[in-house]
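Novice: build me a model:
(2 chains)
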Amino acid sequence: MANSTAMCTSFKGELLTGTHNFTPSTGNTFKAALYFATGSLGAATTVYSTTNEVTNTSGTGYTAGGVTVTNANAPATSGTTAYWTPSASFSWSALTVTTAFDAVLIYNSTSSNKAVSVHNFGSQTVTAGTFTLTMPTNDATTGLLRIA
Amino acid sequence: MIETTKGQMDESLLEKREGQSDTDTETTEWVEYWLDGELVHRSVHVKLKHAALADGAASSF
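Specialist: From the prediction side, this is the model:
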């Protein structure tokens, strides 16, 4: 198995029950956690787990659970597509992780750590450095989460 | 000064290597600093181009 980009299937169902609130300031808190390439996150992921989550090779640059997602972007629509994208990059500094990692899980820490989406990228390692994941343009074509 | 596995070091003492890759889904830039054949710093910047899409559907009667 491998990590793969997907909107989590459980998340789609939870949209129908109003489980997740992406409203800036007053909505839920979302977090972003990194995963080793040996993981198998994808559409079937339902909740945040420490299994295969990145751990520090040395130092303390990565904290279990990841970073809080900055959300200043209200969910929006354009044409027949709804979309939402975090308003800032995810970044880890003073990081040393020499085992390859290739995915980030976005999850709702307000709502029992329920999974939102998995985003796969080329395998990376970082040594005494910074890992930054910059978000795509927040629109109906490239937004991080899109429902068409 | 560059943060390295050996603490802060003057950039002039290190060999700098940089690279970039581009795929349909992301652009990745990385920078490495080496000291006497040893990797002492590596930073990575991944720029996502687009991500997860869910198709919505409503059945007609």
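
Novice: list the buried residues in stretch A:93-111.
Specialist: Using 16 or more other CB atoms under 10 Å in any protein chain shown as the test for burial, stretch A:93-111 gives A:95-97, A:101-109, A:111. C-betas here are computed from N, CA, C, even on glycine.

Novice: moving C-terminal of the helix or strand that contains residue B:19, what's the next helix or strand?
Specialist: Using DSSP states H and E, residue B:19 sits in strand B:15-22. Sequence order places strand B:26-35 as the next helix or strand after strand B:15-22, per DSSP H and E.

Novice: what pairs with that next one, parallel or antiparallel?
Specialist: Under the criterion DSSP bridges, strand B:26-35 sits next to strand B:15-22 (antiparallel), strand B:38-48 (antiparallel) in its sheet.

Novice: just these: most buried one?
Specialist: Stretch with highest mean neighbour count among the strands paired with strand B:26-35: strand B:38-48 (a mean of 20; mean count of other CB atoms under 10 Å in any protein chain shown).

Novice: can you list contacts of the first helix or strand past that strand going along the chain?
Specialist: Sequence order places strand B:52-54 as the next helix or strand after strand B:38-48, per DSSP H and E. The contact list for strand B:52-54, computed with CB atoms under 8 Å, 6 or more residues apart in numbering or on different chains, reads A:5-7, A:12, A:117-119, A:144-148.

Novice: what is the burial count for residue B:26?
Specialist: 20 (other CB atoms under 10 Å in any protein chain shown).

Novice: helix, strand, or coil at the residue positioned nearest the centre of chain A?
Specialist: Against the mean C-alpha coordinate of chain A, by CA atoms, centre = their mean, the closest residue is residue A:106 at 2.6 Å. Secondary structure assignment for residue A:106 (DSSP: H, G, I helix; E, B strand; the rest coil): strand.

Novice: what residues are bridge-paired with it?
Specialist: Note on residue A:106: beta-bridge partners by DSSP bridges are residue A:32, residue A:117.

Novice: my guess is it contacts residue A:69, does it?
Specialist: Yes - with contact defined as CB atoms under 8 Å, residue A:106 reaches residue A:69; the gap is 6.5 Å.

Novice: which bits of chain A sit near chain B?
Specialist: A:5-7, A:12, A:58, A:94, A:96, A:117-122, A:124-136, A:141-148 (CB under 8 Å from any CB of the partner chain).
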